[in-house]
Structure formats: C-alpha cells, structure tokens
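J.: okay, sequence plus prediction incoming.
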Amino acid sequence: MTWIHRREALRELGVKPQTLYAYVSRGLVSAKPDADDPRASLYSSADIAALVARRRSGRGRSAIAHAAIAWGDPVMETAITTVRSGRLIYRGKDAVRFAADATLEEAAALLWNADRLSPPRASDTPAGGASGKERALNFLAGRAARDAASIGRNTTALASEGAELVAGFCSAITGASGRGFFHQRLARHWGLSPRGTDLVRRALVLVADHELNPSTFAARVAASTGAPLAACALAGCATLTGPLHGEASARALTYLKRAIAVGAKPALAALSAHGSAIPAIGHTLYPEGDPRAAALLRWLKPDARLKAAIRAAETEAGAKANIDMALAAMTLQLALPDDAPFLIFASGRMAGWIAHAIEQRASDKPIRPRANYIGT
C-alpha cells in the first residue's frame, strides 16, 4: 500500500482537514502514524483515489446502491464491530488483544452488551446427525421451529436465550451435553492437550464477529422480520456453508495437505493448471494482512513444513494468508478432524450472529432493499 502526507491527501481530495479527518473516522480512508514525524499521519493513496473516482462518477442513488452490495460503502449502522486501519474492533476493544485471554462466552457478553455469561449446562437433547455440522444445523432448525419470535422481546431476554443457543450449539457439535466453557467442551471432544485447548479458545474469539459479512447480513435480515433468534442464527449458519465463506478453509486445508505431501511448488502448480486461485490468501478489508491470521499463526507456531507451504502461497499470490488459512494450519498441526475449521468458525460466529440479531431487533426496522429490474 502507498501512503501519502496530509498536504498531498488534501490536494487530491480537494477538501479541508476536518473533512479528511471525518473520512478517517468513518473508515473511508486508512491512516497510520508517520515514522519520520510521530506528530503527523500518512494516508492511503488507494482509499483517496477510490473516493475521488466515486465523486467523478456522479454517484447517483443507483450507483451508490450497486457499489454498496459488495465491499462498498457502509449500508447500516452498528455499535458491535468494525474494521479500522487494519484492526478488528469489538465494541471498542482490539479483537486480537481481547482473544489473548477471553473465552467465547466473554466475547458473547461483550458483543451482546450483556452481563458476563456463566458457562451454562445445555438443556437441549443433542440433535441427531452423522457429523457435527449436520447436528449443528439440525439443532438450530429444531429450535427455530419451536422458539418464540424475537419481536417484542427485550435485549435481556434475547441475551438469555442466546446463551442457551450457544451452549446447545456446542452440545450439537460434540453430540453430548456437558459442563464447562465452549472451548473446553470442544477440546474434550477432540482430545486436545492444554495448549491445543487454549488455541481453540483464542480462535473462537477471533472469529466471533466480522462486521457485515454475508452470514451476518443474512442473520440481520431474518431478525428484521422478527424471526426467532434460533432462526436468525440458522440463516447465518446456512450462509456460512458456502465455499466462498465458511467453507473457504476446506480448500486451504486441501492445499496444505498436498503441499506437505509433494511440496509447495508442485501443489501451487497443480492449482494453476486447474485454473484455481490460491485459497485463503489476501482479504479486501486488510490490504496489509489479516490480523486474525497473523495472531493465530503466531500463537500456533506452525512446524517447518506448514510454515513453508503458507509462505510459498503468500509469495506466489503476493498477499498474506487470511484467517481461513490459519484455521486450516491449526487443524493440521493439532490433528483435528477436517470439518474443524467450519465448526470453529460457526461456533465463534454464533456470538456475532446473535449480537447482530439483538441489535437489529432493537432498531425495529425491516431490511427490504429494492431490486433493479433488467429483464424483458
């Protein structure tokens, strides 16, 4: 990323300093301290060029709506999570720092703006299914069919129900009820050492929320109709099953296994021969690298073969590994089952889906965009 000084940024934008600062505070322009002058800041030339291009295009209502649907301008307000200057923020807290010590239950309490949650004993009978993923989806579907609508209920009641859903989700994955924090129950299910247990705890918190991603948007749409909280989480979990979202780690896992077996270069060559992109590399919101991935890989300390495979992919793609690659690497190093990345992702994101559902209900506004008809 290229960085420019304030004077150049103001000249490119044609605005006053206070307008530039407003762009930074709204997340439209990335900024960082100037290493040569700690009192000054540098600004992303790419972000500034994008703003200039929008103004020159006229940016009518139709153009704004079209651009906002994919990595564009913010489309709704939230007090839960944001990405600013390459950092993931949970209600004002740096998510990476928070994950160093927090449990998923503590992350949920923070995101829900609720009292600290005790690790409850799940009251649900574990759902049926051949895999943790199938049981988790069946659990949410069953609760969605039985539970009361979220409309007309206060945030305290919704947060209490959310705690039950999180605990029941863990029972569904493990196939058994039990006591303890979410990461402890998963670790017992997978037979992990204390170090592995701690890594799972950190990973769950790192993926707990990520602003308005596809699954979270789906959860908010469901919440805007007054659907039961479980139905909101089910909408999010169903969206997460797509290969371009929660299943992205599966492709990264396939690459890492092949790279370890035959070497990184042949594995990358095979991807290229099939016209496949290198998986789990780069992230639109993190031009300088995904901080969640950097933290998890630092805590994981991948062995030499894993490290070489990841570095080769980064070098080939010209970008850093993202959280999906880090989850895949953790799966291999801890000898977790192949569906572990999805289960960790979905488990952590349960906290985020419920947080956004609660916030959406508090706004009491339906989400109903219009379509631009291009048919006959």
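T.: Right, received. Where do you want to start? Only a predicted model underlies this, so the values are computations on that prediction, with no experimental measurement involved. Residues are numbered from 1 along each chain as shown.

J.: can you list the domains in this structure?
T.: Domain assignment for the chain by automatic domain parsing gives 3-75, 88-242+343-363, 248-333.

J.: Ile374: which of the ones you listed is closest?
T.: domain 3-75 (11.6 Å; Cβ to Cβ). Where you see a C-beta, it was placed from the backbone N, CA and C, and this is true even at glycine.

J.: among the domains of the chain, which comes closest to Pro369?
T.: For those, the distance to Pro369 is smallest for domain 3-75, at 7.4 Å, taking Cβ to Cβ.

J.: how about the contacts made by the residue nearest to the spatial centre of the chain?
T.: Taking Cα atoms, centre = their mean, the centroid of the chain lies closest to His210, which sits 3.7 Å from it. Listed by Cβ atoms under 8 Å, 6 or more residues apart in numbering, the contact partners of His210 are Thr81, Val83, Leu88, Thr216, Arg349, Gly352.

J.: can you tell me how far the fifth one sits from Ala145?
T.: Applying Cβ to Cβ, to the nearest Å, the value for Arg349 to Ala145 is 22 Å.

J.: could you do the fourth one as well?
T.: According to Cβ to Cβ, Thr216 stands 22 Å off from Ala145.

J.: for Ser363, same thing?
T.: Distance, Ser363 to Ala145, by Cβ to Cβ: 26 Å.

J.: then Thr284 would be within a helix, right?
T.: No: applying DSSP: H, G, I helix; E, B strand; the rest coil, one finds Thr284 to be coil, outside a helix.

J.: picking up where we left off before, want to throw the domains of the chain into JSON lines with mean pLDDT and distance to Arg370?
T.: Rendered in JSON lines, the data for those read as follows (pLDDT from 0 to 100; distance: least, Cβ to Cβ, whole Å):
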{"stretch": "domain 3-75", "mean pLDDT": "76", "distance to Arg370": "8"}
{"stretch": "domain 88-242+343-363", "mean pLDDT": "94", "distance to Arg370": "14"}
{"stretch": "domain 248-333", "mean pLDDT": "95", "distance to Arg370": "25"}
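
J.: list the helices and strands the longest strand belonging to the chain packs on?
T.: Longest among the strand segments of the chain by residue count, using DSSP state E, is strand 37-44. Based on contacts counted as 3 or more Cβ pairs under 8 Å, 6 or more residues apart in numbering; DSSP states H and E, the elements that strand 37-44 packs against are strand 3-5, helix 6-13, strand 31-34.

J.: can you redo the ones you listed as TSV with distance to Leu199?
T.: Formatted as TSV, the entries for the helices and strands packed on strand 37-44 read as follows, by distance: least, Cβ to Cβ, whole Å:
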stretch	distance to Leu199
strand 3-5	34
helix 6-13	41
strand 31-34	30
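
J.: which one's more surrounded, Ser363 and Ala145?
T.: Taking neighbours as other Cβ atoms under 10 Å, Ser363 and Ala145 compare with Ser363 leading, 14 against 11.

J.: distance to Ile374 added to the domains of the chain, as JSON lines?
T.: As requested, these are arranged in JSON lines below (distance: least, Cβ to Cβ, whole Å):
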{"stretch": "domain 3-75", "distance to Ile374": "12"}
{"stretch": "domain 88-242+343-363", "distance to Ile374": "22"}
{"stretch": "domain 248-333", "distance to Ile374": "26"}
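
J.: of all these, which one is nearest Thr376?
T.: With respect to Thr376, and counting by Cβ to Cβ, the nearest of the domains of the chain is domain 3-75 at 19.8 Å.

J.: I'd assumed Thr254 was in contact with Pro243.
T.: No: with contact defined as Cβ atoms under 8 Å, Pro243 does not reach Thr254; the gap is 11.4 Å.

J.: who's more crowded, those two?
T.: With neighbours defined as other Cβ under 10 Å, Pro243 and Thr254 compare such that Thr254 has more, 16 against 10.

J.: what about the nearest residue to the more buried one once chain neighbours are set aside, neighbour count?
T.: Of all residues not flanking Thr254 in the chain, Pro279 sits nearest, at 7.7 Å (Cβ to Cβ, 6 or more residues apart in numbering). Using other Cβ under 10 Å, Pro279 is surrounded by 23 other residues.
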